[in-house]
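Novice: missing the sequence, but the structure's below:
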């Protein structure tokens, strides 16, 4: 038996991405426990997640647990995949469950696949982890250009893991690596997190543009200048420039801006077509991370005096009821400048 088959992990969050990552992990690890806020009994009965990933069966090592406390075992390995607004509360619930079982959270390995910021403080999710688990030794984020359905079905995928612990980063990447999933690792947690968050806002921008019927030229320009905004803010906040030219940067940006599997792009398409924010959210029926992320990015950029004109106009459309047509006109009316970051 390989060393990986001796490992176990609990995946907290049974949406599309949490389930897809649980299926991926179950190809390598000996035991994967999946917990979701709603409907776990049905998941175990069906041995699939028919709501989010219909027709994709669970591998044998993947089991579903109904009680949150049962996600805590002596292995203390966790992957959190919940909406960003629920991230802190989930960590606090986990810390309490670990304490109640008489275990030490300092020994835990905590990964997450959530993309966004803390809804109340605007902090990076790594900062939330450090706040709730101040003594934890190993934590990291899983990101990259990856739609849940394609990953779960074993279609070729590239992922990136950023970890605070250099000696564990390569080991953790092996948990997710399969014959069809290529996994890279890095120590740039800031860059990987920002890439995963900013690309959602740019997907809204390209969706709005396409919803307005502005065509491929506009889409290409928005993606290119969106990458410039991502790199500009990311480096200012401590990320590395080469991270934004990799999977967690331009890779994820291209994916979410160009394919309608992206719920953030579909959200933008609906807004560009003239429907209200509430109407489009209801139609999609899943979390739209870009709504909060646009606000947090706008505040961060404004506070640092960093120009992010695309982000600013997405924020204006989503939070100040500026019409998409006006937002586009504002972008086009900006003074000419030399191209560069």
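Specialist: Perfect, I can see it now. Please read all numbers here as calculations on a predicted model, not as lab measurements. Numbers count the residues shown, from 1 in each chain.
Novice: From here on, just use CA atoms for contacts and neighbour counts.
Specialist: Fine.
Novice: mind listing what's buried in stretch 160-169?
Specialist: Residues of stretch 160-169 classed as buried under the neighbour-count rule (16 or more other Cα atoms under 10 Å) are 160-164, 169.
Novice: Outside of that stretch itself, which residues are in contact with it?
Specialist: Stretch 160-169 is touched from outside by 137-144, 172-173, 183-189, 192, 247-248, with contacts defined as Cα atoms under 8 Å, 6 or more residues apart in numbering.
Novice: Of the residues you listed, keep whichever come out buried.
Specialist: Those of the contacts of stretch 160-169 that meet the buried threshold are 138-144, 172-173, 183-189, 192, 247-248, by 16+ other Cα under 10 Å.
Novice: who touches stretch 123-131?
Specialist: For stretch 123-131, contacts defined as Cα under 8 Å, 6+ apart pick out 87-88, 91, 116-118, 136, 140, 189-190, 193.
Novice: In a markdown table: those residues, plus pLDDT, distance to residue 290 and secondary structure.
Specialist: Shown next, in a markdown table, are the contacts of stretch 123-131 (pLDDT from 0 to 100; distance: Cα to Cα, whole Å; DSSP: H, G, I helix; E, B strand; the rest coil):
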| residue | pLDDT | distance to residue 290 | secondary structure |
| --- | --- | --- | --- |
| 87 | 97 | 15 | helix |
| 88 | 98 | 18 | helix |
| 91 | 98 | 22 | helix |
| 116 | 95 | 8 | coil |
| 117 | 96 | 10 | strand |
| 118 | 95 | 13 | coil |
| 136 | 96 | 29 | coil |
| 140 | 97 | 22 | strand |
| 189 | 96 | 20 | helix |
| 190 | 97 | 18 | helix |
| 193 | 97 | 14 | helix |
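Novice: Just flag the most distant two among these.
Specialist: Greatest spacing in the contacts of stretch 123-131, by Cα to Cα: 116 and 136 (21.2 Å).
Novice: who's more crowded, those two?
Specialist: Just comparing residue 116 and residue 136: by other Cα atoms under 10 Å the higher neighbour count belongs to residue 116, 29 against 17.
Novice: Using neighbour counts, pick out the buried residues of stretch 220-236.
Specialist: For stretch 220-236, by 16+ other Cα under 10 Å, it's 222-235.
Novice: again with stretch 68-80
Specialist: With burial defined by 16+ other Cα under 10 Å, the residues of stretch 68-80 counted as buried are 68-69, 71-72, 76-80.
Novice: Could you point out which of the residues you listed is nearest to residue 12?
Specialist: residue 80 (4.9 Å).
Novice: Secondary structure of residue 160: a strand, I assume?
Specialist: Yes. Residue 160: assigned to a strand according to DSSP: H, G, I helix; E, B strand; the rest coil.
Novice: What's opposite it in the beta bridge?
Specialist: On the basis of DSSP bridges, residue 160 takes part in beta bridges with residue 143, residue 184.
Novice: Just the strands from the stretch 101-250 of the chain, written as ranges.
Specialist: Read by DSSP state E, counting those that start in this stretch, the stretch 101-250 of the chain holds these strands, from start to end of the chain: 109-112, 138-143, 157-163, 181-186.
Novice: Turn those into a markdown table, including distance to residue 129.
Specialist: Below are those laid out as a markdown table (distance: least, Cα to Cα, whole Å):
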| stretch | distance to residue 129 |
| --- | --- |
| strand 109-112 | 9 |
| strand 138-143 | 8 |
| strand 157-163 | 12 |
| strand 181-186 | 18 |
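Novice: quick one, which of those strands is nearest to residue 299?
Specialist: The closest of those to residue 299 is strand 138-143. By Cα to Cα, the value is 23.2 Å.
Novice: Distance from that closest one to the middle of the chain?
Specialist: Mean-position distance between strand 138-143 and its chain equals 11 Å (Cα atoms, centre = their mean, to the nearest Å).
Novice: Packing partners of that strand?
Specialist: When contacts are defined as 3 or more Cα pairs under 8 Å, 6 or more residues apart in numbering; DSSP states H and E, strand 138-143 sits against strand 109-112, strand 157-163, helix 189-211.
Novice: Please name the strands paired to the shortest one in the sheet, noting orientation.
Specialist: Think strand 109-112. Strand 109-112 pairs in its sheet with strand 77-80 (parallel), strand 138-143 (parallel), by DSSP bridges.
Novice: now what about it, what contacts it?
Specialist: Strand 109-112 is contacted by residues 76-81, 136-142 when judged by Cα under 8 Å, 6+ apart.
Novice: at 6 Å what do you get?
Specialist: By Cα atoms under 6 Å, 6 or more residues apart in numbering, the residues outside strand 109-112 that reach it are 77-81, 138-141.
Novice: How about stretch 255-268?
Specialist: By Cα under 6 Å, 6+ apart, the residues outside stretch 255-268 that reach it are 145, 200, 203-204, 206-208, 280.
Novice: Let me see the mean pLDDT of it.
Specialist: Stretch 255-268 carries an average pLDDT of 97.
Novice: buried set for it?
Specialist: Buried residues in stretch 255-268, counted by 16+ other Cα under 10 Å: 255-258, 262-268.
Novice: so how far is that stretch from its chain's centroid?
Specialist: In terms of Cα atoms, centre = their mean, the centre of stretch 255-268 is set 14 Å apart from its chain centre.
Novice: okay, how far is it across it, tip to tip?
Specialist: Stretch 255-268 stretches 15 Å from its first residue to its last (Cα to Cα, to the nearest Å).
Novice: Perfect, that will be all.
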